[in-house]
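[1] I need the structure of the sequence given here:
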Amino acid sequence: MKHNALKSAWKERRATLNGWLHIPSMWSTEVMARAGFDSLTVDMQHGLMGLDSAIQMLQAISTTNTVALARSTWNEPGTIGRLLDAGAMGIICPMVNNRAECEQFVGACRYHPVGYRSLGPTRAKVLYGDDYTKHANEDVLALAMIETKEALDNVDEIASVPGLSGFYIGPGDLRLSLMGAGGLDNEDAEFLAALDTILAAAKRQGIVTGIHCNSAVYAQKMIERGFDMVTLQTDSGLLSAAATSIVNQMRGIQPQQRKSESY
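    Have a look, this model is predicted:
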């Protein structure tokens with residue numbers, strides 16, 4: 001089986017760069033996959049793709065060495081299983097708030113005897129090899145999103161679930177839940193303290209941590225804070241920023257700081 005390159009990087013204590021896909025296009029996906037990201041995440045929750053286009057996007061990613069991930073629509077085993085069968089090498093699951101929800105999520109990513117994922121890796125077996133099912137439990141990533149006060153309160157119990165690969169921080173929802181307003185690249189003391197609590201829980205259990213960022217400057221700060229994976233914006237955000245910038249240059253309009261609240 002083709003090994004998950006993210007796990008190798010993290011073992012070497014190298015932080016990885018993740019891209020985020022909202023646009024349901026094989027072409028824009030392939031462009032992103034050749035930009036140098038370590039991984040790309042097909043966002044089924046807030047992206048505009050359906051399952052058919054998501055599968056095509058996973059195919060486009062596989063023309064490169066970039067690791068293909070997917071964010072599931074919710075903590076729903078059927079969708080998670082289909083994305084894994086289609087070739088996603090890991091799942092980011094939204095709104096995991098307690099140990100029971102995490103156990104449900106992790107179980108959907110793992111074959112018997114440690115989980116209940118149904119045996120039928122249609123495309124994954126073709127892509128990763130005939131021994132896929134033998135190694136999938138070890139190589140497939142299960143990343144639980146911590147994005148509510150409830151999840152923060154239960155972070156140690158969630159972190160201790162066997163088979164969980166790590167946490168992925170949803171900063172917009174987490175800040176909304178904690179402070180009443182969302183937003184990315186937050187420097188609030190309360191928010192940063194929450195990040196440190198999550199990082200500490202992950203470190204105690206030997207699992208990885210990732211976070212969504214809106215700028216390279218903030219992403220570097222998060223790496224220095226201890227995160228193993230940082231996501232740099234979204235494909236739609238990058239396209240919008242580049243298009244706006246070149247139009248503004250032609251019209252002599254001074255650039256303004258753009259603050260995103262979603263991802």
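[2] Could you use CA atoms for every contact and neighbour count after this?
    Noted.
[3] Might you list the low-confidence residue ranges for this structure?
    Low-confidence segments of the chain (pLDDT under 70): 257-263.
[4] That one: strands as residue ranges?
    Per DSSP state E, the chain has strands spanning 16-21, 39-43, 67-71, 90-93, 141-146, 166-169, 208-213, 229-232. These are given in chain order.
[5] got these as TSV, with mean neighbour count and distance to residue 52 columns?
    As requested, the strands of the chain are exported to TSV (neighbours: other C-alpha atoms under 10 Å; distance: least, C-alpha to C-alpha, whole Å):
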stretch	mean neighbour count	distance to residue 52
strand 16-21	24	15
strand 39-43	26	12
strand 67-71	26	13
strand 90-93	26	17
strand 141-146	26	22
strand 166-169	26	25
strand 208-213	25	25
strand 229-232	24	24
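[6] out of the ones you listed, which comes closest to residue 58?
    Each of those has some distance to residue 58 by C-alpha to C-alpha; the shortest is strand 67-71, at 6.4 Å.
[7] From residue 172, how far out is the most centrally placed residue in the chain?
    The chain has residue 92 as the residue nearest its centroid, 4.8 Å off, counting by C-alpha atoms, centre = their mean. Separation of residue 92 from residue 172 (C-alpha to C-alpha, to the nearest Å): 16 Å.
[8] would you list the strands of the chain in CSV and tack on distance to residue 256?
    Converted to CSV, those look like this (distance: least, C-alpha to C-alpha, whole Å):
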stretch, distance to residue 256
strand 16-21, 23
strand 39-43, 28
strand 67-71, 31
strand 90-93, 32
strand 141-146, 31
strand 166-169, 27
strand 208-213, 18
strand 229-232, 19
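[9] ok, what's across the strand from the residue nearest to the centre of the chain?
    Note on residue 92: beta-bridge partners residue 71, residue 143, judged by DSSP bridges.
[10] That one against residue 164, yeah?
    No - if you go by C-alpha atoms under 8 Å, residue 92 and residue 164 don't touch, sitting 11.0 Å apart.
[11] Identify the contacts common to these two.
    Common contacts of residue 92 and residue 164, defined by C-alpha atoms under 8 Å, 6 or more residues apart in numbering, comprise 142, 143, 144.
[12] Report the contact partners of residue 151.
    Taking C-alpha under 8 Å, 6+ apart, we find residue 151 in contact with 96, 97, 98, 158.
[13] Can I get those residues in CSV including distance to residue 232 and neighbour count?
    CSV is the format used below for the contacts of residue 151 (distance: C-alpha to C-alpha, whole Å; neighbours: other C-alpha atoms under 10 Å):
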residue, distance to residue 232, neighbour count
96, 22, 26
97, 25, 21
98, 27, 19
158, 26, 26
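[14] Restricted to helices, list the residues you listed.
    Cross-referencing the contacts of residue 151 against helices under DSSP state H gives residue 158.
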